[in-house]
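[1] Need coordinates for the following:
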Amino acid sequence: MDSHEDLYPTRTTTRTPMFPRLDPVIHGDAQTRSSGPLSAEELAAFERDGFLFFPGFFDVDAIQACIDELKRLSADPAVQATGGVIREPHSDEVRSIFAIHRISPHFRALARDPRIVDRVRQLLGSDVYIHQSRINYKPGFKGKGFNWHSDFETWHAEDGMPRMRAVSCSIILTDNHEFNGPLMLIPGSHRVFVPCVGETPEDNYKHSLRDQQVGVPDEDSITELVRTHGITAPKGPAGSMLLFECNTLHGSNANMSPDPRSNVFYVYNSVENKLQQPFAAKRPRPEFLAERAVEVL
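    As a prediction, this is how the structure comes out:
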């Protein structure tokens, strides 16, 4: 294909119907698919649903070390001064801290944990690198929700990710339950691409990371997908891990409980899926949101 052929046009002026994805869900040949820690049953579930959930994947000591580091980062003035700290839309509470694999040796080491990386390599069929990393805090009472979206749609439109060949890893640092705004996913939604309406505003990330309005699927498409596939919200204790495909539609409600819902996210992209120029934005987002230098893990 042309080096900048747009296989997934989005941010259009009028609504475009959803269409089947043009990339495989699991990449590589039979040998790479069978050479990792994921079983045939797990691979089949990921291909069907677009995610895998591992309750209690990390032990208590590992999670406590993460929580200690999370507290340190949230109180560090140097971290607060970076452009990678995003606050809640209607308060001064920290919503997210990006590029944690760059600012924290602890989270950099965790990103390289072979228990994660080996699974991701198996799914993507290649070596991988960190496209993005972040902590989502979602504090008790004040943590707002995230609208339905496909991460790939944003990464394609605003970062120039050409193909669907990336996987997100979410590690639960505090118990996720039905009252503190757990991540919700639409199983099977990764098998179609939903183009979004609306031109990308200048420096859209400054607003979208607090309250995303552009790059959000239309309600008719969401309704059709939910009616077909339903909604699931993987819940579990601290230490649980979720792997989900880059095009799986997901979102979350506000945190109505006193319990924070803090998660670490790593986005792993294939080294064969390097970023190009944005497909629907005037210029790329900052590197704390989208790594353009490939550092193989």
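[2] tell me, what residue is most central in the protein?
    Closest residue to the average C-alpha location of the chain: S168 at 4.7 Å, with C-alpha atoms, centre = their mean.
[3] hey, which helix or strand in the chain has the poorest pLDDT?
    Ranked by mean pLDDT, DSSP states H and E, the weakest helix or strand in the chain is helix 205-208, scoring a mean of 73.
[4] just checking, next helix/strand downstream of that one?
    On the C-terminal side of helix 205-208, the closest following helix or strand by DSSP states H and E is helix 219-229.
[5] can you dump the C-alpha coordinates of that following helix into CSV?
    The C-alpha atoms that make up helix 219-229 are tabulated as CSV, following Å, rounded to 0.1, in the frame of the first residue of the first chain:
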residue,chain,number,x,y,z
GLU,A,219,-24.9,7.2,19.5
ASP,A,220,-26.6,5.2,16.7
SER,A,221,-23.4,3.1,16.1
ILE,A,222,-22.8,2.6,19.8
THR,A,223,-26.5,1.5,20.3
GLU,A,224,-26.2,-1.0,17.4
LEU,A,225,-23.0,-2.5,18.8
VAL,A,226,-24.3,-2.7,22.4
ARG,A,227,-27.5,-4.3,21.2
THR,A,228,-25.5,-6.8,19.3
HIS,A,229,-22.7,-7.5,21.8
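[6] next structured bit after that helix?
    Using DSSP H and E, the next helix or strand after helix 219-229 towards the C-terminus is strand 241-245.
[7] Tell me the helices and strands packed up against that following strand.
    Helices and strands touching strand 241-245, as assessed by 3 or more C-beta pairs under 8 Å, 6 or more residues apart in numbering; DSSP states H and E, comprise strand 51-54, helix 114-124, strand 166-172. Any C-beta I mention is one placed from the backbone N, CA and C, and that applies to glycine too.
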